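Chemist: Kindly return the folded structure for what I paste below:
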Amino acid sequence: MTIKRIHTGSPFESKIGYCRAVVAGGFVHVAGTVGQGDTVQDQCRAALDVIRKALEEAGSSFDKAVRVNYYLPDAAEFEACWPLLTETFGDNPPAATMVECNLIDPKYRIEIELTCLA
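Modeler: Numbers count the residues shown, from 1 in each chain. The predicted structure follows:
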């Protein structure tokens, strides 16, 4: 099986020892991704942009998404992201889960993890 690893240059990749995405077994597995910004919407938009670029490098796209996990320290903020998510996935929404939990740094409001067909 061929495995392709996609790096974005995030400082966390080298500090923690992971890559943004791995293409293997017909799937693109995108690591939990946070974004920059002051609001949960800003961070959601930025995280989706990072994910979009990784998917493009992998030869995939959001319309091939099969599973997404959202992690937020405050579940009450999730609804503010819904319009961005429905716009991103359009007519091809994946199976989804939202989990309330602590993230790697308190400044982050949302982390998104995605699996797509390659």
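Chemist: State which helix of this protein is the longest.
Modeler: helix 40-58 (DSSP state H).
Chemist: ok, and what's touching that one?
Modeler: 4, 6, 8, 20-21, 23, 28, 30, 33-37, 61-62, 64, 72, 77-78, 80-81, 84-85, 88, 108-112, 114, 116, 118 (CB atoms under 8 Å, 6 or more residues apart in numbering). For glycine as for every other residue, the C-beta is placed from the backbone atoms N, C-alpha and C.
Chemist: how far is that helix from where the chain is centred?
Modeler: With CA atoms, centre = their mean, to the nearest Å as the basis, helix 40-58 stands 6 Å off its chain's centre.
Chemist: May I see the buried residues of it?
Modeler: By neighbour count on 16 or more other CB atoms under 10 Å, the buried set for helix 40-58 is 40-41, 43-48, 50-51, 54-55, 57-58.
Chemist: List buried residues within the contacts of helix 40-58.
Modeler: Taking 16+ other CB under 10 Å as the criterion, what is buried in the contacts of helix 40-58 is 6, 8, 20-21, 23, 28, 30, 33-35, 37, 62, 64, 72, 77-78, 81, 84-85, 88, 108-112, 114, 116.
Chemist: what's the distance between Gly35 and Ala47?
Modeler: Distance, Gly35 to Ala47, using CB to CB, to the nearest Å: 4 Å.
Chemist: got it, and Pro73?
Modeler: Distance, Pro73 to Ala47, using CB to CB: 14 Å.
Chemist: Let's verify the most centrally placed residue in the chain: helix, strand, or coil?
Modeler: Residue closest to the average C-alpha location in the chain (CA atoms, centre = their mean): Ile112, at 3.5 Å. At Ile112 the chain is in strand, as set by DSSP: H, G, I helix; E, B strand; the rest coil.
Chemist: Run the chain-centre distance for the helix or strand of the chain with the lowest mean pLDDT.
Modeler: Lowest mean confidence among the helices and strands of the chain (mean pLDDT, DSSP states H and E): helix 11-12, at a mean of 82. Counting by CA atoms, centre = their mean, helix 11-12 is centred 15 Å from the centre of its parent chain.
Chemist: Cheers, nothing more for now.
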